[in-house]
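J.: Any chance you could fold what I've pasted below:
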Amino acid sequence: MQKILVIVIFLLFGISHSQNRPLLYNVDDLPQALLQNPGTRIDFTRHIGVPFFSQFHVFAGSTGVTAYDVFADNDTDINDRIRRVMNDLSSGDFFSVNQQLEVLSFGWKMGQRGYFSAGIYQELDVFAYFPKDPAVLAFEGNADYIGENFDFSDANFTGEVLTVYHAGFTYKLDPQLSIGGRVKLYSGIFNAESTQNEGVFRTDATPGGSNFYRHTLEGLDVMVRTSGYASLKDEEGMTVDQAVAELLRRSFFGQNFGLGVDLGFNYRLTEQFAINASIQDLGLMFHQKDVENYQYFGSYSTEGIEPLFPELDEDEATIPYWDIFEEELDANLLDETTTSPYNTWRPLKFNASFEIGTGKAILPCDYLISKKPRYMNLFGMLVSGVNRPKGPTYGVTTYWDRKLTNNLRFRVAYGVDEFSLTKIGLMASARLKNFNFYLAANDIIGYTNLARANSASMQFGMQFIFKDL
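T.: Here you go, the predicted structure:
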């Protein structure tokens, strides 16, 4: 059973891919750029997305291990492969999965300087650090680690599914500077997290004691907090159809809510050179309904069971050693289930970039730039990151954005992040009259052999974009 648990952990690491999303950032003729920077410049006057198809995005990433490392089809034993990978991984390695589905998207020009945009999207976000010490203890036991601590703080993960209702406004202060903000209402579907765990397990040799070893669990405090889980767990008679219907209902009207904002700007230092930056999801979720928290805490030390075998009469019972041991455990290691409300921060995202244009061309619209010249080639660099329980994760991307015609453009990107040093991405966007379709894929080298890839991502969508003045 313990080996199955560890294999599941590695499977999660192995199937994961990357989460950096630079390919649509600052693309001025796609409304999705406003979701990453509400202050970005844009090149359209109205837009409306095809419901459920204006944006589908999926990405994930694993550091330090791939599926091939664990499940390689060769002559080596899988236990040896797992042991080798466990030695290479640290408690700072992690995997991340994120998925986003845009349900509704629309927007229009307001006055001569403003643009209003709004919509609804569903998001799933899972992030987990590799639980190094608990995994080693479960897979190998403690025989080879006498005198060493197994730290339960290595167990650290967050996961959530939610629906986001949002409305934003982009405003051109002057020909050089545009700013923007977006207000978000979060509707929680499901949340689970276990962070800031404490406690160590240790085995010491005790040659002078009553037994050979002393096993100590000190300062244990492990908690898993959940919302949206208890009601599904308690419905024993719920059919699959009923469970799906309940989740769909929650997709639009969740039981827990939160508030957040996005902020951003774009500043043109010269006609050819611009800088911009944004923050996304500066917000809190308030978990007050359907909450169930599980806590296991306490300290305990034992040198094992030392059975005695006295002579007993027929009416005398044997000493219940195991029952006594269980009573000692229950008295010192406590478990509680509570329904206390809790709050969680959304994963804060931040972006900063600069962009240089070459190949001047005059194209229609671009109304937020006050008829400033457009450039057919854009070269830029983007630094992005996401705040996580043990600190931010970062990525740096350089790109070439080429506008072939007013209706066709592409972007080629090269990036470096904690998942890969050779992340190559490609984006293409085409417009037929007012209908737009775009497709973006990152870390395309990994697509040649997903089993050996640490990262990959994909995004596509279709919508109607209008550029009439």
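J.: show me what contacts residue 253?
T.: residue 187 (CB atoms under 8 Å, 6 or more residues apart in numbering). Every C-beta, even on glycine, is put in place using the N, C-alpha and C of the backbone.
J.: quick one: residue 358 from residue 299, how far?
T.: Residue 358 is 66 Å from residue 299, where distance means CB to CB, to the nearest Å.
J.: try residue 32
T.: For residue 32, the distance to residue 299 - CB to CB - is 52 Å.
J.: in the stretch 151-300 of the chain, which spans are strands?
T.: Counting by DSSP state E, counting those that start in this stretch, the stretch 151-300 of the chain has strands at residues 157-172, 177-194, 198-205, 213-227, 256-268, 273-287, 291-302.
J.: what angle do the second one and strand 291-302 make?
T.: Interaxial angle of strand 177-194 relative to strand 291-302 (axes from the mean of the first three to the mean of the last three CA atoms, to 10 degrees): 50 degrees.
J.: the more surrounded of residue 358 and residue 299?
T.: residue 299 (14 against 10; other CB atoms under 10 Å).
J.: list the contacts for that one?
T.: Residue 299 makes contact with 216, 217, 218, 219, 220, 332, 333, according to CB under 8 Å, 6+ apart.
J.: Let's see the pLDDT reported for it.
T.: pLDDT for residue 299: 91.
J.: Please apply the same query to residue 235.
T.: Residue 235 is given a pLDDT of 66.
J.: Residue 307 too?
T.: 54.
J.: export the strands of the stretch 151-300 of the chain to TSV and tack on distance to residue 401?
T.: Shown next, in TSV, are the strands of the stretch 151-300 of the chain (distance: least, CB to CB, whole Å):
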stretch	distance to residue 401
strand 157-172	20
strand 177-194	18
strand 198-205	48
strand 213-227	41
strand 256-268	15
strand 273-287	12
strand 291-302	46
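J.: for those strands, which one sits closest to residue 383?
T.: With CB to CB as the measure, strand 273-287 is the member of the strands of the stretch 151-300 of the chain nearest residue 383 (9.1 Å).
J.: Return the set of buried residues in the closest one.
T.: 274, 276, 277, 278, 279, 280, 281, 282, 283, 285, 286, 287 (16 or more other CB atoms under 10 Å).
J.: Look up the closest residue to residue 142, ignoring the ones flanking it.
T.: residue 203 (4.7 Å; CB to CB, 6 or more residues apart in numbering).
J.: which secondary structure element contains residue 328?
T.: helix 321-332 (DSSP states H and E).
J.: And the residue nearest to residue 142, how close does it get to residue 83?
T.: 19 Å.
J.: The residue nearest to residue 378 when sequence neighbours are not counted: which element?
T.: Leaving aside its sequence neighbours, residue 378 sits nearest to residue 401 (CB to CB, 6+ apart; 4.0 Å). Using DSSP H and E, residue 401 sits in strand 393-405.
J.: What is the nearest of the contacts of residue 299 to residue 391?
T.: Ranked by distance to residue 391 (CB to CB), those are led by residue 219 at 23.2 Å.
J.: Run a quick neighbour tally on the closest residue to that closest one other than its chain neighbours.
T.: Excluding the flanking residues, the one nearest residue 219 by CB to CB, 6+ apart is residue 199, at 4.9 Å. Residues within reach of residue 199, counting by other CB under 10 Å, total 20.
J.: ok, residue 199 - contacts?
T.: Listed by CB under 8 Å, 6+ apart, the contact partners of residue 199 are 151, 152, 153, 217, 218, 219, 220, 221, 222, 297.
J.: Mind picking the lowest-pLDDT entry from those?
T.: Among the contacts of residue 199, residue 217 has the weakest pLDDT, 88.
J.: Would you agree that residue is in contact with residue 201?
T.: Yes - applying CB atoms under 8 Å, one finds residue 217 in contact with residue 201, separated by 5.2 Å.
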